[in-house]
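1. I need the structure of the sequence given here:
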Amino acid sequence: MSNRSDNHQTVPLSVLLKRELANEKIERPEIIYGQASQSKKGEDFTMVKTDCQRVVGDGVSTYSVFALFDGHNGSAAALYSKEALLNNILAAIPTDLNRDEWIAALPRSLVAGFVKTDKDFQERAQTSGTTVTFVIIEGWVISVASVGDSRCIVEPAEGGVYYLSADHRLECSEDERMRITSSGGEVGRLNTGGGAEIGPLRCWPGGLCLSRSIGDMDVGEFIVPVPYVKQMKLSTAGGRVIISSDGVWDALSAEEALDCCRGMPPDAAAAQVVKDAVGAKGLRDDTTCIVIDILPQEKPAAPLPPPKRQGKGVFKSMFKKKPNESSSTVEKEYLEPDTVEEIFEEGSASLSERLDSKYPLCNMFKLFMCAVCQVEIKPGEGISIHSGSSSNPEKVRPWDGPFLCTSCQEKKEAMEGKRPSGNRCDSDSD
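-> This next block holds a predicted model:
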């Protein structure tokens with residue numbers, strides 16, 4: 001039997017047990033939020049849920065959800081996503097997970113939920129589209145999934161600015177432009193005739209400025225709903241999160257948004273951000289802001305102990321068992337540090353890459369279940385997400401999951417430009 005590397009350190013069982021207990025009984029932060037909006041087109045919508053539970057009825061495993069949907073070419077996609085997206089994400093999370101497993105399962109479940117919501121909405125044959133910035137706060141961990149150009153930032157109590165979303169404007173990413181053109185789309189500016197081009201880069205047909213969104217079936221399925229996902233753990237000192245539509249970010253930088261509302265409570269802070277954004281460039285678009293403060297719970301002052309009578313307990317203290325210093329040192333060494341940590345980030349537009357979870361996470365997901373829409377698949381009927389992959393096409397085996405149903409496989413192929421995505425027409429989307 002070969003020996004493991006000398007660098008490998010085994011975590012003591014006592015530490016693992018204490019860590020697991022701490023995970024399930026973690027001290028919850030206080031969540032305070034406020035939101036504000038000024039409307040131009042009436043296509044911005046928000047969702048706030050602060051009383052969600054991983055285990056329904058236990059009263060302990062509470063998490064919060066905040067989401068911003070910035071619609072274009074009508075409000076249908078934004079309204080549908082607001083109603084359906086959370087349920088689709090939760091349906092993709094396996095049951096009976098502990099807290100760490102639940103958080104680890106979120107990135108893949110967010111992808112599945114976004115794609116299912118897009119697929120279901122497109123079946124309604126409506127041409128509207130929407131950006132989505134979707135935030136889940138579980139304890140001190142913030143998980144953000146985003147498509148489009150709304151943004152989410154966080155300023156930890158320790159200072160600094162962290163960007164938790166990606167900007168999917170075509171102007172911002174050469175990789176996204178190449179992905180669209182290789183899938184059959186065209187990218188260019190509006191041609192006014194005579195060779196003059198104006199405005200931002202757009203995807204044609206359709207004229208959309210974004211490379212990712214939910215909806216927009218009139219543009220083409222190379223406008224994908226696969227979100228950028230980032231997870232970050234704050235220290236127990238907390239921090240401030242700002243979620244805003246592009247009406248804010250077209251006028252203010254992240255630092256300006258944070259500075260203009262510093263020291264204000266969240267409701268006043270959100271109103272100030274919107275006021276400053278509109279004041280800078282006028283009300284050109286729907287302008288919406290959500291401000292969330294993640295704060296340590298205020299602990300009541302501990303009562304003073306009663307005065308001790310002299311002499312009592314002297315002999316007891318003499319013979320009291322002293323703590324094992326070496327054991328205490330070991331436990332401190334392995335306990336998770338109370339610092340700000342970026343724990344996950346992935347932005348690939350490839351559905352195969354995003355659904356392919358490595359061991360041990362893959363064991364959380366049911367084998368004979370579509371990885372996107374969660375319908376049951378009979379053995380032998382599912383299509384491996386690796387099928388037709390350009391990477392290792394020769395080594396795909398029939399039992400290499402995760403699997404897709406026929407309908408979701410067709411959706412995947414359309415997103416990759418491997419089959420026609422239906423009729424297209426011009427839209428007035430931004």
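2. make it CA atoms for all contacts and neighbour counts henceforth
-> Fine.
3. next helix or strand past the longest helix seen in the chain?
-> In terms of residue count, the longest helix belonging to the chain (DSSP state H) is helix 99-122. Counting by DSSP states H and E, the element after helix 99-122 in chain order, helix or strand, is strand 129-138.
4. Quick check: can you name the pairing partners of that next one and their directions?
-> Here strand 129-138 has these sheet partners by DSSP bridges: strand 62-72 (antiparallel), strand 141-147 (antiparallel), strand 214-215 (antiparallel).
5. Give me the angle between it and helix 99-122.
-> 160 degrees (axes from the mean of the first three to the mean of the last three Cα atoms, to 10 degrees).
6. buried stuff in strand 129-138?
-> 129-138 (16 or more other Cα atoms under 10 Å).
7. can you check stretch 161-169 too?
-> Neighbour count says stretch 161-169 has 164-169 buried, by 16+ other Cα under 10 Å.
8. quick one on the thing from earlier: quick one: which of the strands paired with strand 129-138 is nearest residue 225?
-> strand 214-215 (5.2 Å; Cα to Cα).
9. list the helices and strands the helix or strand following the closest one packs on?
-> Next along the chain after strand 214-215, taking DSSP H and E as the criterion, comes strand 228-233. Strand 228-233 sits against helix 99-122, strand 141-147, strand 341-346, with contacts defined as 3 or more Cα pairs under 8 Å, 6 or more residues apart in numbering; DSSP states H and E.
10. Please repeat the previous calculation with a cut-off of 10 Å.
-> Taking 3 or more Cα pairs under 10 Å, 6 or more residues apart in numbering; DSSP states H and E as contact, the helices and strands that strand 228-233 lies on are helix 99-122, strand 129-138, strand 141-147, strand 341-346.
11. quick one: which of these is nearest residue 275?
-> Of all the helices and strands packed on strand 228-233, it is strand 129-138 that lies closest to residue 275, at 21.1 Å by Cα to Cα.
12. what about dumping the CA coordinates of that closest one to CSV?
-> Extracted as CSV, the C-alpha positions of strand 129-138 are listed here (Å, rounded to 0.1, in the frame of the first residue of the first chain):
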residue,chain,number,x,y,z
GLY,A,129,-36.7,39.3,-23.3
THR,A,130,-35.2,40.2,-19.9
THR,A,131,-31.9,40.5,-18.1
VAL,A,132,-31.8,38.8,-14.7
THR,A,133,-29.6,39.3,-11.6
PHE,A,134,-30.5,36.7,-9.1
VAL,A,135,-29.1,36.8,-5.6
ILE,A,136,-29.3,34.1,-2.8
ILE,A,137,-28.0,34.9,0.6
GLU,A,138,-27.5,31.9,2.9
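13. That one vs strand 228-233, what angle?
-> 20 degrees.
14. Now strand 129-138: average pLDDT?
-> The average of the pLDDT scores along strand 129-138 is 97.
15. cool, and stretch 341-354?
-> 92.
16. Can you check the distance spanned by it, start to finish?
-> Start-to-end span of stretch 341-354 (Cα to Cα, to the nearest Å) is 22 Å.
17. That stretch: which residues count as buried?
-> Buried residues in stretch 341-354 (16+ other Cα under 10 Å): 345, 347, 349, 351-352, 354.
18. same thing with stretch 54-72?
-> Quick answer for stretch 54-72 (16+ other Cα under 10 Å): 54, 61-72.
19. re earlier: for the longest helix of the chain, the distance to its chain's centre please.
-> 9 Å (Cα atoms, centre = their mean, to the nearest Å).
20. got the buried residues for that helix?
-> Using 16+ other Cα under 10 Å as the test for burial, helix 99-122 gives 99, 102-119, 121-122.
21. Neighbours of the nearest residue to residue 246 once chain neighbours are set aside, how many?
-> With sequence-adjacent residues excluded and distances taken as Cα to Cα, 6 or more residues apart in numbering, residue 246 is closest to residue 150, at 5.1 Å. Residue 150 is flanked by 25 other residues according to other Cα atoms under 10 Å.
22. Test my guess that residue 150 contacts residue 144.
-> No. Judged on Cα atoms under 10 Å, residue 150 makes no contact with residue 144 at a distance of 11.8 Å.
23. Now the common contact residues for the two.
-> Common neighbours of residue 150 and residue 144 (criterion: Cα atoms under 10 Å, 6 or more residues apart in numbering): 133, 165-166.
24. Residue 182: which of those residues is nearest?
-> When the shared contacts of residue 150 and residue 144 are ranked by distance to residue 182 (Cα to Cα), residue 166 comes first, at 21.4 Å.
25. check contacts around the nearest residue to the closest one once chain neighbours are set aside.
-> With sequence-adjacent residues excluded and distances taken as Cα to Cα, 6+ apart, residue 166 is closest to residue 228, at 6.3 Å. When the contact criterion is Cα under 10 Å, 6+ apart, the partners of residue 228 are 107, 110-111, 133, 144-148, 164-168, 212, 345-349, 354.
26. pLDDT below threshold where in the stretch 151-300 of the chain?
-> 299-300 (pLDDT under 70).
27. quick revisit: so which of the strands paired with strand 129-138 is nearest residue 40?
-> Comparing these under Cα to Cα, the one sitting nearest is strand 62-72, at 11.8 Å.
28. and the helix or strand following that closest one, which residues are buried?
-> Going down the chain from strand 62-72, the next helix or strand is helix 76-91, by DSSP H and E. Of the residues in helix 76-91, 76-82, 84-86, 88-91 count as buried by neighbour count, 16+ other Cα under 10 Å.
29. and if you look at stretch 271-286?
-> 271-278, 283, 285-286.
30. Make CSV from the residues you listed and add distance to residue 263 and secondary structure to it.
-> Converted to CSV, the buried residues of stretch 271-286 look like this (distance: Cα to Cα, whole Å; DSSP: H, G, I helix; E, B strand; the rest coil):
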residue, distance to residue 263, secondary structure
271, 13, helix
272, 11, helix
273, 13, helix
274, 16, helix
275, 16, helix
276, 16, helix
277, 18, helix
278, 21, helix
283, 26, coil
285, 27, coil
286, 26, coil
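31. Mind picking the two most distant members of these?
-> 272 and 285 (16.8 Å).
32. who does residue 145 bridge with?
-> residue 134, residue 229.
33. Can you tell me how far residue 213 is from residue 33?
-> Counting by Cα to Cα - residue 213 and residue 33 are separated by 26 Å.
34. that older thread, which of the buried residues of stretch 341-354 lies closest to residue 187?
-> When the buried residues of stretch 341-354 are compared against residue 187 (criterion: Cα to Cα), the nearest one is residue 349, at 17.2 Å.
35. who's in contact with the nearest residue to the closest one once chain neighbours are set aside?
-> Using Cα to Cα, 6+ apart and skipping the chain neighbours, the partner closest in space to residue 349 is residue 226 (5.7 Å). Going by Cα under 10 Å, 6+ apart, residue 226 touches 110-115, 118, 145-147, 212-214, 347-351, 354, 415.
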